[in-house]
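Q: Model the structure of this input:
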Amino acid sequence: MPDSEPTTTTATAIRKSAVARYLQLAALFRRRIETSEWPVDSRIPTVEELAKECGVANMTIRQALSLLEQEGLIERFRAKGTFVRKNNRRDLWCEVQTDWNGLLMARANARIELLGSEADATPTDIPAGTGELAPSYRHLRRRHSREGQAFLLADVFIDERLADRIDERDFTTKTSMRLIADIPGLKIVDARQTLTIGSADPEVSELLGVLLGDPIAYVQRVAVAEDGTTALIANGIYRGDTVRVEFKLT
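A: The predicted structure follows:
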């Protein structure tokens, strides 16, 4: 059965995207559960109703719902309908801090997994307008998770001369900024953070457990030492469904 003509803004947006329609719909329906638009234990609209709303074939809706069923978010019953069974993302918010003290704080109950460590590395995505690059860097690839759910993939580059002064046990317990802030005698004179929005590529999809094309937040943190050397470049990728940025305006 071919997809029907678009009848809503949602349907029009789905048709314009290059991402597979069932993946877009799975993300849309997942979001409705996360925001309690579809509360736990409620019955969601029928396949036919969703197909009409989204301007797609019934089979496309079924494919999207199958993904949510595999995640345990919904349960389908013949002749009774489809019901929301759990909302397991509401408490996974990871707040991206916007001040120095906040950047030093580790996420409560978070676990940091060291996926790799490389000496004499060259940073990727070097920011403009910061300090001079150090002769070489220690590259740490780390994955942060909470309650078994990965929420951050980070590539951390630390001036090799400073990395040698860090206890290796700290690589799995401290935030990137904390790693250098705790180095005795090191003075940080400039620190900045930028955030941009993107979508998950195949590697990020695999390591963070998200669907290909799902929204993610790229966060880059840079710290410059007193001698003008860029002491740290940390490139983080957060799951878009777990990150929150909050600014205090007064």
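Q: Please make it C-alpha for all contacts and neighbour counts, starting now.
A: OK.
Q: Residue 65: how many residues sit nearby?
A: By the other CA atoms under 10 Å criterion, the neighbourhood of residue 65 contains 24 residues.
Q: What's the first helix or strand after the host helix or strand of it?
A: Applying DSSP states H and E as the criterion places residue 65 in helix 58-70. Proceeding N to C from helix 58-70, the next assigned helix or strand is strand 74-77, under DSSP H and E.
Q: That following strand: partners in the sheet, and parallel or antiparallel?
A: Strand 74-77 has the following sheet partners, assigned by DSSP bridges: strand 81-84 (antiparallel).
Q: where do the helices sit along the protein?
A: For the chain, applying DSSP state H gives helices covering 9-16, 21-34, 47-54, 58-70, 100-103, 160-163, 176-181, 202-208.
Q: Now do the third one, average pLDDT.
A: Just to be clear, that refers to helix 47-54. Helix 47-54 shows a mean pLDDT of 94.
Q: distance between that helix and the chain's centre?
A: Its chain's average C-alpha position is 29 Å from that of helix 47-54, according to CA atoms, centre = their mean, to the nearest Å.
Q: and what of the second one?
A: Remark: helix 21-34 is offset 16 Å from the chain centroid, using CA atoms, centre = their mean.
Q: can you list the residues that contact it?
A: The contact list for helix 21-34 (CA atoms under 8 Å, 6 or more residues apart in numbering) reads 14-15, 38-40, 60-61, 63-65, 67-68, 84, 87-90, 211, 214.
Q: From residue 47, how far out is the residue of the chain positioned farthest from its centre?
A: For the chain, the C-alpha farthest from the mean C-alpha position belongs to residue 79; by CA atoms, centre = their mean, that distance is 37.6 Å. Per CA to CA, to the nearest Å, residue 79 is found 12 Å from residue 47.
Q: can you check residue 109 too?
A: Taking CA to CA, one finds residue 109 at 39 Å from residue 47.
Q: Could you check which of those two is surrounded by more residues?
A: residue 47 (18 against 8).
Q: What is the helix holding residue 65 packed up against?
A: helix 21-34, helix 47-54, strand 74-77 (3 or more CA pairs under 8 Å, 6 or more residues apart in numbering; DSSP states H and E).
Q: Residue ranges of each domain in this protein, please.
A: Structural domains assigned to the chain are 9-84, 94-245, following automatic domain parsing.
Q: Could you tell me how far residue 57 is located from residue 169?
A: Counting by CA to CA, the gap from residue 57 to residue 169 is 53 Å.
Q: neighbour count winner among these two?
A: For residue 57 versus residue 169, neighbours defined as other CA under 10 Å are more numerous around residue 57 (18 against 8).
Q: Isn't the more buried one up against residue 49?
A: No. Residue 57 is not in contact with residue 49 according to CA atoms under 8 Å; the separation is 10.8 Å.
Q: residues touching residue 116, list them.
A: Shown in contact with residue 116 (CA under 8 Å, 6+ apart): 139-142.
Q: cutoff 6 Å now
A: Under the criterion of CA atoms under 6 Å, 6 or more residues apart in numbering, the neighbours of residue 116 are 140-141.
Q: Same check on residue 151?
A: Taking CA under 6 Å, 6+ apart as the test, what residue 151 contacts is 144-145, 238-239.
Q: State the distance from the residue lying closest to residue 153 once chain neighbours are set aside to residue 21.
A: Of all residues not flanking residue 153 in the chain, residue 143 sits nearest, at 4.6 Å (CA to CA, 6 or more residues apart in numbering). Computed with CA to CA, the distance linking residue 143 and residue 21 is 29 Å.
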